[in-house]
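**Q** any chance you could fold what I've pasted below:
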Amino acid sequence: MMVSDYPEHYAGQHDFEFIKQVPTTWDEVRVLDGRPRENITLARRSGRDWFVGSITNWDARDVKVPLSFLGDEKYVAEIYADAPDAATEATQTKFVAQPVDRNTVLDVHMASGGGNAIWIHPVR
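**A** Take a look at the predicted model:
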């Protein structure tokens, strides 16, 4: 994992909290959805935490992300996603934290060339 700029450029940005949590090794990787040259959604597990990411090509799209791979515990999903104006202001993101479990299906909107990052961890 890496940042595509000087790390100090991320100081004070809430999205950097996600980057600080991402491990460098994985216990499990799953492809949840996608089509070549269009979009992909991956889930990676490290210990009891899951990191889910989606990206799209230049077509904005909405995808459903089922969390059926989660265990029986209760989890919190910290979602870093494209903001409503991300199509014109690519650096704009929104953050939402919500309770989830294995029955949850997340509705994710991605702006043109956009995506999202989700940190799912057991309720602590």
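**Q** contacts for stretch 43-53 next, please.
**A** For stretch 43-53, contacts defined as C-beta atoms under 8 Å, 6 or more residues apart in numbering pick out 21-23, 25-30, 32, 41-42, 65, 69-71, 73, 75, 115-122. Where C-beta positions appear, they are placed from N, C-alpha and C, glycine not excepted.
**Q** likewise for stretch 82-99?
**A** Against stretch 82-99 from outside (C-beta under 8 Å, 6+ apart): 14-15, 60, 74-81, 109-116, 123.
**Q** and that stretch, how far from the chain's centre?
**A** Put simply, stretch 82-99 sits 12 Å off its chain's centre (C-alpha atoms, centre = their mean, to the nearest Å).
**Q** span of that stretch from start to end?
**A** Using C-alpha to C-alpha, to the nearest Å, one end of stretch 82-99 lies 20 Å from the other.
**Q** and the gap between the nearest residue to Asp27 once chain neighbours are set aside and Ile120?
**A** Closest residue to Asp27 apart from its sequence neighbours, by C-beta to C-beta, 6 or more residues apart in numbering: Arg45 at 5.1 Å. As for Arg45, its distance to Ile120 is 9 Å (criterion: C-beta to C-beta, to the nearest Å).
**Q** helix or strand: which one has Arg37?
**A** Using DSSP states H and E, Arg37 sits within no helix or strand.
**Q** hmm, it is touching Asp59, no?
**A** No. The pair Arg37 and Asp59 fails to qualify as a contact (C-beta atoms under 8 Å) at a distance of 10.3 Å.
**Q** higher neighbour count, those two?
**A** Asp59 (11 against 7; other C-beta atoms under 10 Å).
**Q** follow-up on the earlier one: which one's more surrounded, Arg45 and Ile120?
**A** Neighbours were counted for Arg45 and for Ile120 using other C-beta under 10 Å; Ile120 has more, 22 against 19.
**Q** and that one, what does it touch?
**A** So Ile120 contacts Asp49, Trp50, Phe51, Val52, Leu67, Leu70, Tyr75, Val76, Ala77, Glu78, Val100 (C-beta under 8 Å, 6+ apart).
**Q** with neighbour count and distance to Glu89 added, can I get those in a markdown table?
**A** Formatted as a markdown table, the contacts of Ile120 follow (neighbours: other C-beta atoms under 10 Å; distance: C-beta to C-beta, whole Å):
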| residue | neighbour count | distance to Glu89 |
| --- | --- | --- |
| Asp49 | 16 | 30 |
| Trp50 | 23 | 29 |
| Phe51 | 21 | 25 |
| Val52 | 23 | 24 |
| Leu67 | 20 | 29 |
| Leu70 | 21 | 33 |
| Tyr75 | 21 | 31 |
| Val76 | 14 | 28 |
| Ala77 | 21 | 24 |
| Glu78 | 16 | 22 |
| Val100 | 20 | 28 |
